[in-house]
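S.K.: Take a look and give me a structure for this.
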Amino acid sequence: MKSIAQTLFSAVLGFATFGTFVTFAQAQLDVPTLLVSPLRMPADSKADVTRKPTEFLTFTQAQAGMKVLDIAAGGGYTSQLLTLAAGSSGQVWAQNEKPSANLKARLDAHPQTNLTELVRPFEDPYAANLPPLDLITIVLSYHDIAFTSTNRFNLTAHLLQALKPGGHLVIIDHSAKHGSGLDDIKTMHRIDEAVVIQEVSAAGFKLEAESGDWRNASDTLQEHSGKMASPSDRFALRFVKP
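M.R.: Have a look, this model is predicted:
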């Protein structure tokens with residue numbers, strides 16, 4: 001039989017574990033305050049119109065304390081959002097294949113210890129000695145990776161390994177016509193949603209949810225995604241590591 005001390009220790013440990021889980025799962029982000037943070041750059045608020053940060057943070061289930069990797073971070077729009085959501089107890093790594101002048105300008109203007117640029121190739125984007133991740137995002141860039149990296153299985157395999165069990169990979173990208181495969185990745189900067197699902201699922205991820213928040217029914221899918229007068233039709237997929 002357990003001693004009284006052992007019983008009390010088990011009870012306290014169980015409560016602490018349960019309490020941490022509940023707090024993490026139920027914490028609500030104050031998105032309006034987050035969006036007017038002085039850490040954001042002036043261009044960020046302009047991008048909000050089409051990027052829909054409230055919907056993005058809701059779909060990714062970003063929470064304070066998370067460890068997050070933003071793939072193909074560019075100038076850091078998404079990375080900054082995730083850093084504000086993760087808060088001082090979290091950490092975000094902004095991955096680019098080459099150093100980004102815009103990301104450097106962002107960090108020079110507002111140094112942030114919980115936002116770090118990570119210059120690594122797509123096929124090995126996250127060092128094995130870094131902490132396990134809660135969330136990975138690839139926003140409007142999987143199609144770019146598809147025509148610059150011939151072995152995306154290495155990317156998705158590394159992402160699966162980097163995540164904690166139950167961790168999420170969120171991919172948002174410009175839609176191409178169903179059945180077009182990779183035909184439009186370079187000419188129109190679009191990718192067939194089915195290809196993304198197939199490639200990511202093949203690595204061991206499970207498709208958990210989709211969002212229609214970035215859909216645009218008026219998009220004919222025949223124009224370059226970056227040259228449209230209105231926002232392109234975009235699919236949003238959330239995968240989970242079993």
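
S.K.: okay, CA-based contacts and neighbour counts for the rest of this
M.R.: Will do.

S.K.: Pull the contacting residues for the residue most central in space within the chain.
M.R.: Centroid-nearest residue in the chain: Thr137, 1.6 Å away (criterion: Cα atoms, centre = their mean). Thr137 sits next to 68-71, 169-171 when contact means Cα atoms under 8 Å, 6 or more residues apart in numbering.

S.K.: As a markdown table, these with secondary structure and neighbour count would be great.
M.R.: Listed next are the contacts of Thr137 as a markdown table, based on DSSP: H, G, I helix; E, B strand; the rest coil; neighbours: other Cα atoms under 10 Å:
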| residue | secondary structure | neighbour count |
| --- | --- | --- |
| Val68 | strand | 28 |
| Leu69 | strand | 30 |
| Asp70 | strand | 26 |
| Ile71 | strand | 27 |
| Leu169 | strand | 29 |
| Val170 | strand | 23 |
| Ile171 | strand | 24 |
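
S.K.: Tell me where the model's unsure across this structure.
M.R.: Filtered on pLDDT under 70, the chain yields the residue ranges 1-27, 150.

S.K.: picking up where we left off before, backbone dihedrals for the residue nearest to the centre of the chain, please?
M.R.: Backbone torsions of Thr137, given as degrees, to the nearest 10, read phi -130, psi 140.

S.K.: Any chance of CSV for the contacts of Thr137, columns distance to Asp124?
M.R.: Shown next, in CSV, are the contacts of Thr137 (distance: Cα to Cα, whole Å):
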residue, distance to Asp124
Val68, 16
Leu69, 13
Asp70, 13
Ile71, 11
Leu169, 16
Val170, 18
Ile171, 18
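
S.K.: so which of those comes closest to Ala162?
M.R.: Leu69 (9.3 Å; Cα to Cα).
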